[in-house]
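Asks: Fold the following, please.
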Amino acid sequence: MDRAEFRRLAYERYYTTHAQASAADRVDDPRTLAWRARAFDRTFGALTGTLPPDARVVDLGCGTGQVVWWLRERGFDAEGVDQSREQLEQAAVLVPRDRLREEDASDFLARCAGSLDALFFLNILEHLTRPEALDFLLAVRRALRPGGLLMLSVPN
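Replies: Sure thing, here's the model as predicted:
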């Protein structure tokens with residue numbers, strides 16, 4: 001099994017093997033969502049406050065959809081992209097299904113040349129090799145409109 005196939009299989013069942021065990025990823029608990037909303041407000045509120053109301057905002061690797069939910073609660077027509085069907089099933093509890101895409105982030109970015117105002121890419125970069133990360137950042141640059149924002153975080 002090559003690296004790409006291993007990664008595909010791991011992400012396919014990510015919710016079952018990782019996120020389901022984490023209380024922070026629960027989409028059915030109002031207290032968790034309120035806590036997440038406060039954390040996202042503190043972390044990203046000032047940046048998203050600079051975006052126009054009609055901004056095209058995408059969360060790549062959206063997982064259980066909490067960032068997309070938070071963005072939509074603040075009035076953005078945000079969408080989420082994830083390659084895990086399991087994660088997207090959880091996200092659909094919070095976000096309309098037509099705003100969620102089951103797709104590889106690189107494939108999605110390749111179709112978005114100059115059309116995105118903001119991208120969220122949270123706790124994903126550490127899963128990429130250095131060459132993959134550099135290719136990804138170049139794809140982000142091509143996908144963002146001039147002056148577009150990239151919200152990127154890593155856990156370390």
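Asks: From residue 148, how far out is residue 115?
Replies: For residue 115, the distance to residue 148 equals 9 Å [CB to CB, to the nearest Å]. Backbone N, C-alpha and C define where each C-beta goes, glycine included.
Asks: more neighbours, the two?
Replies: Set side by side, residue 115 and residue 148 show more neighbours around residue 148, with 19 against 12, by other CB atoms under 10 Å.
Asks: in which helix or strand would I find the more buried one?
Replies: Element membership of residue 148 [criterion: DSSP states H and E] is strand 144-153.
Asks: in its sheet, what does that strand sit against?
Replies: strand 116-122 (parallel) (DSSP bridges).
Asks: how about the partner strand as PDB, C-alpha atoms only?
Replies: Listed next in PDB are the C-alpha coordinates belonging to strand 116-122 (Å, rounded to 0.1, in the frame of the first residue of the first chain):
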ATOM      1  CA  LEU A 116     -12.000  32.700  -2.900                       C
ATOM      2  CA  ASP A 117     -12.000  35.500  -0.400                       C
ATOM      3  CA  ALA A 118     -10.900  33.400   2.600                       C
ATOM      4  CA  LEU A 119      -9.700  29.900   3.300                       C
ATOM      5  CA  PHE A 120      -9.600  28.100   6.600                       C
ATOM      6  CA  PHE A 121      -7.100  25.200   6.800                       C
ATOM      7  CA  LEU A 122      -7.000  24.200  10.500                       C
END
